[in-house]
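*Asks:* Predicted model and sequence below, questions to follow.
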Amino acid sequence: MGLAKTRAVALTGIDGQVVEVECDISAGLPGLSFTGRADSSVVESRDRMRAAMTNSGLEWPNRKITVALLPADVRKVGSRFDLAISIAVLAAAGHVRAAAVADAVWIAELGLDGRLRPVRGVLPSVVAAVRAGARRVVVARPNAEEAALVREVDVRTADHLAEVVAWLTGEGPALEPVAAEPPVDEPPSAGADLSDVAGQAIAKRALEIAAAGGHHLYLVGTPGAGKTMLAERLPGLLPPLDDDASLEVTAVHSIAGQLAGRAGLVTRPPFQAPHHTASMAALVGGGSGLASPGAISLAHHGVLFLDEAPLFSSQALDALRQPLEGGHIVLLRGGGAVRYPSRFQLVLAANPCGCGRRSADCTCAPQAKRRHEQRLSGPLLDRIDLRVQVEPVAHAELFDGFGPRESSREVAERVAAARARSAERLRGTRWSVNAAVPGSVLRSSEWLPPHRVLAEAETCLERGVLSARGFDRVLRLAWTIADLGDRLSPSPADVSEAIFFRTGRVQSWAA
C-alpha cells in the first residue's frame with residue numbers, strides 16, 4: 001500500500017481550477033475519508049466508487065484510505081471527481097502504476113456498474129486543464145466531442161472503468177483518442193428572415209442600428225404589429241462570434257447542460273426568450289449551492305428578448321441593470337460566489353397599455369395606464385438606447401404593395417461593414433462596438449463632433465428632453481448611424497435620427 005496522485009478539475013462558474021487528487025492507503029480502521037473542502041456530494045461518492053470497482057471486477061482496498069483534494073481552499077462540488085478519485089485509489093493500492101496516472105486529468109461520473117457517465121462543464125474543465133499544463137484528458141464518451149473542441153490536448157474516452165484499468169495495466173487496448181472536429185459555421189435560424197416582416201420601415205431601421213452598434217432596443221405597439229417577429233430576427237443580423245466569444249458562449253452552455261447532441265462550438269449569437277412568468281433565478285441565475293447560469297448568461301454575446309416586459313416581476317427586471325452596465329453577474333449562494341459573463345443585447349417588447357388597443361380605442365382608466373407604464377422602472381429604461389413605436393401594418397404593406405422586402409442577409413452585410421468600421425476606429429481600445437464606449441470618451445476632444453453637428457442634441461439637453469446619460473447615448477447612436485452610412489463622423493442628420501430613436505414617441509419620460 002502506498003501513495004498515488006492524479007488530477008481532476010473543479011469548476012466555479014466558467015472558471016476551472018485543476019485539483020491534485022492524492023490518495024494514501026495505510027494500516028488502520030478500514031474506511032475512506034476526505035480532506036480538502038470536499039462537498040457532501042463528493043463525500044457520498046465513496047459508496048458509489050466501491051460498488052463501481054466491485055462490479056468492474058476490481059478489489060476495493062480493505063484499509064484506511066485518505067483522499068486529499070488540493071488546493072484545500074477551493075470548494076469541490078459534484079460527481080465530476082469520481083473517476084479521478086477511483087484511479088488514485090487503484091494506483092495507491094498497486095492495481096495500476098502510479099506514474100501512469102499522475103499526469104492525466106480525469107473527468108467523469110461513475111455509475112454503480114462501473115460505467116463512465118457524462119458531467120456538465122467539460123469544455124471549461126478541459127480549457128483549465130490545458131492552461132495548467134495537462135496534455136491528456138480522459139472523459140466519458142458522451143462528453144468526448146465537447147472535450148475535443150480544445151485542440152491542444154490529447155482527449156481519450158471510454159465507456160467503462162474496466163476499460164480504463166485494462167489500458168493502464170496494458171492488458172487491454174488503448175483508449176480511443178478523439179479527433180477534433182473542424183469548426184462548423186452555423187447558418188442563421190431557418191425561417192426567421194427579415195423579409196417576412198411586412199412594413200415597419202422605422203422598426204426595421206432601428207433593428208439594423210441596434211445590430212450595427214450593439215444597442216439595446218425597446219419596442220412598443222399593439223398586439224399583432226410585429227414586435228416579436230422583429231426581435232426574433234435580430235440574431236440573424238449579427239455577425240458570427242469570433243473564436244474567443246464562441247469558446248466563452250459554449251462554456252456557459254456546457255455548464256447549463258445545453259450542449260447535449262451538439263457537435264462543435266456555438267458560432268452564432270444565442271437568442272434567449274424567457275416567459276414573463278420566469279423567476280429572478282431563472283433570469284439572472286441561481287439555485288442552491290453554487291448558482292447555475294440564468295437566461296442573461298445563456299444570452300451572452302447574443303440577444304435577450306423579454307416579450308410582454310411589463311408582466312415580468314419588477315425585482316427580476318431591476319436585476320438586469322448591473323449586468324447591462326458591467327457585462328457580468330456575480331451570484332452569492334451558500335456554496336460561494338460565482339461569476340458568469342452576461343454581455344447581451346436586451347430587447348424589450350410591450351403593449352402600450354393593459355388592454356393593448358390603439359389610443360383611440362383604449363378602454364383603460366388613466367390610473368391603470370400609469371401603473372402599466374411604471375412597471376418598467378426609469379433606471380432600466382434609461383439604459384435602453386432605441387425606443388420605437390411599432391405601428392399596426394397597413395393593408396397595402398401587408399399585401400406587398402410597396403415592392404420586394406430586404407432579406408436578413410442584405411441587412412447583415414451592411415451591419416458587418418458598419419461593425420468593421422467601428423472596430424477599426426476603436427482599434428487599440430478595449431471596446432469593439434459603439435454601445436460599449438463610455439460617454440466620457442465620446443465627449444473627449446478626439447471623438448466629440450463639432451458644435452454645428454450637435455446643435456440639436458445640445459438644445460434637447462438644455463430643455464430637459466435629454467438627460468446627461470441620454471446625451472451620451474445619442475452620441476453612441478449617431479456614431480453607429482454614421483458607420484452604417486460609411487461616414488467618418490456623424491452628420492447633423494445622423495444626430496437628428498439618433499435623437500428621434502432615443503426620445504421616441506413611446507412614453508413621456510425624460511430621455
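*Replies:* Sure thing, it's come through.

*Asks:* Ends of stretch 423-433, what's the gap?
*Replies:* End-to-end distance for stretch 423-433: 7 Å, by Cα to Cα, to the nearest Å.

*Asks:* And stretch 225-245, by the same measure?
*Replies:* 34 Å.

*Asks:* swap in stretch 50-68?
*Replies:* 18 Å.

*Asks:* go on, stretch 70-77?
*Replies:* End-to-end span of stretch 70-77 (Cα to Cα): 13 Å.

*Asks:* Quick one: mean pLDDT over it.
*Replies:* Averaging pLDDT along stretch 70-77 yields 91.

*Asks:* May I ask which helix or strand encompasses residue 457?
*Replies:* helix 451-463 (DSSP states H and E).

*Asks:* which parts of that helix are buried?
*Replies:* 453-454, 456-457, 460-461 (16 or more other Cβ atoms under 10 Å). (Each C-beta comes from the backbone N, C-alpha and C, glycine too.)

*Asks:* Now it: average pLDDT?
*Replies:* Averaged over helix 451-463, pLDDT sits at 91.

*Asks:* what's in contact with it?
*Replies:* 448, 466-468, 470-471, 474-475, 478, 489-492, 495-496, 498-499, 503 (Cβ atoms under 8 Å, 6 or more residues apart in numbering).

*Asks:* helices or strands up against the strand or helix carrying residue 99?
*Replies:* Per DSSP H and E, residue 99 falls inside helix 98-101. Helix 98-101 is packed against strand 3-12, helix 82-92, with contacts defined by 3 or more Cβ pairs under 8 Å, 6 or more residues apart in numbering; DSSP states H and E.

*Asks:* most tightly surrounded among the ones you listed?
*Replies:* helix 82-92 (a mean of 27; mean count of other Cβ atoms under 10 Å).

*Asks:* and the angle from that one to strand 3-12?
*Replies:* Relative orientation of helix 82-92 and strand 3-12, computed by axes from the mean of the first three to the mean of the last three Cα atoms, to 10 degrees: 170 degrees.

*Asks:* got the CA coordinates for helix 82-92 in PDB?
*Replies:* These are the backbone C-alpha positions of helix 82-92, laid out as PDB (Å, rounded to 0.1, in the frame of the first residue of the first chain):
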ATOM      1  CA  ASP A  82     -15.500  10.100  -9.200                       C
ATOM      2  CA  LEU A  83     -13.100   8.800 -11.900                       C
ATOM      3  CA  ALA A  84     -10.100  10.700 -10.700                       C
ATOM      4  CA  ILE A  85     -10.500   9.500  -7.100                       C
ATOM      5  CA  SER A  86     -11.100   5.900  -8.200                       C
ATOM      6  CA  ILE A  87      -7.900   6.000 -10.300                       C
ATOM      7  CA  ALA A  88      -6.000   7.400  -7.400                       C
ATOM      8  CA  VAL A  89      -7.200   4.700  -5.100                       C
ATOM      9  CA  LEU A  90      -6.400   2.000  -7.600                       C
ATOM     10  CA  ALA A  91      -2.900   3.400  -8.100                       C
ATOM     11  CA  ALA A  92      -2.300   3.700  -4.300                       C
END
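
*Asks:* What is the distance between that helix and the centre of its chain?
*Replies:* Here helix 82-92 is found 34 Å from its chain centre; the criterion is Cα atoms, centre = their mean, to the nearest Å.

*Asks:* counting contacts, what elements does that helix pack onto?
*Replies:* Counting contacts by 3+ Cβ pairs under 8 Å, 6+ apart, helix 82-92 packs against strand 3-12, strand 15-26, helix 45-54, strand 64-70, helix 98-101, strand 105-107, strand 109-110, helix 161-169.

*Asks:* now the angle from the first one to strand 64-70?
*Replies:* Interaxial angle of strand 3-12 relative to strand 64-70 (the same axes, to 10 degrees): 40 degrees.

*Asks:* same deal with the last one?
*Replies:* Using the same axes, to 10 degrees, the direction of helix 161-169 lies 80 degrees away from that of strand 64-70.

*Asks:* Mind listing residues that contact the next helix or strand after helix 161-169?
*Replies:* Sequence-wise, the next helix or strand downstream of helix 161-169 (DSSP H and E) is strand 176-177. Outside strand 176-177, the residues that touch it by Cβ under 8 Å, 6+ apart are 154-158.

*Asks:* Nearest to residue 248 among these?
*Replies:* Nearest to residue 248 among those: residue 155, at 20.1 Å, using Cβ to Cβ.

*Asks:* Now the phi/psi pair for the closest one, please.
*Replies:* Dihedral pair for residue 155: phi -100, psi 130, per degrees, to the nearest 10.

*Asks:* Give me the pLDDT for it.
*Replies:* On the pLDDT scale, residue 155 gets 95.

*Asks:* Run a quick neighbour tally on the nearest residue to residue 272 once chain neighbours are set aside.
*Replies:* Once flanking residues are discounted, residue 272 sits nearest to residue 299: 4.0 Å by Cβ to Cβ, 6 or more residues apart in numbering. The number of residues packed near residue 299 is 26, by other Cβ atoms under 10 Å.

*Asks:* list the contacts for residue 299?
*Replies:* Residue 299 neighbours (Cβ under 8 Å, 6+ apart): 270-272, 342, 344.

*Asks:* if we can go back for a sec, so for residue 315, which of the helices and strands packed on helix 82-92 sits nearest?
*Replies:* Nearest to residue 315 among those is strand 3-12 (25.4 Å), distances taken as Cβ to Cβ.

*Asks:* Name all residues that make contact with the residue nearest to residue 89 when sequence neighbours are not counted.
*Replies:* The shortest distance from residue 89 to any non-neighbouring residue, by Cβ to Cβ, 6+ apart, is to residue 23 (5.3 Å). Counting by Cβ under 8 Å, 6+ apart, residue 23 makes contact with 3-5, 65-68, 85, 88-89, 91-92.

*Asks:* And residue 443, by the same measure?
*Replies:* Counting by Cβ under 8 Å, 6+ apart, the residues that residue 443 touches are 472, 475.

*Asks:* Against residue 476, how distant is it?
*Replies:* In this view, residue 443 and residue 476 are 11 Å apart by Cβ to Cβ, to the nearest Å.

*Asks:* Over to residue 421?
*Replies:* Applying Cβ to Cβ to residue 421 and residue 476 gives a distance of 14 Å.

*Asks:* Next SSE downstream of the lowest-mean-pLDDT helix or strand in the chain?
*Replies:* Here the helix or strand of the chain ranked lowest by mean pLDDT, DSSP states H and E is helix 395-398, holding a mean of 62. Per DSSP H and E, the first helix or strand lying C-terminal to helix 395-398 is helix 408-425.

*Asks:* quick revisit: between helix 408-425 and the very next helix or strand once past the helix holding residue 457, find me the angle.
*Replies:* Where DSSP H and E defines the elements, the next helix or strand beyond helix 451-463 is helix 468-484. Calculated by the same axes, to 10 degrees, helix 468-484 forms an angle of 110 degrees with helix 408-425.

*Asks:* quick one: average pLDDT of helix 468-484?
*Replies:* Averaged across helix 468-484, the pLDDT comes to 93.

*Asks:* which helices and strands sit right next to that helix?
*Replies:* Helix 468-484 packs on helix 201-213, helix 408-425, helix 439-442, helix 451-463, helix 492-503, going by 3+ Cβ pairs under 8 Å, 6+ apart.

*Asks:* Let me see the mean pLDDT of the last one.
*Replies:* Looking at helix 492-503 alone, the average pLDDT works out to 92.

*Asks:* Please name the residues that touch residue 383.
*Replies:* 216, 321, 324-325, 346.

*Asks:* circling back to that earlier point, which one of the helices and strands packed on helix 468-484 is the most hemmed in?
*Replies:* helix 201-213 (a mean of 23).
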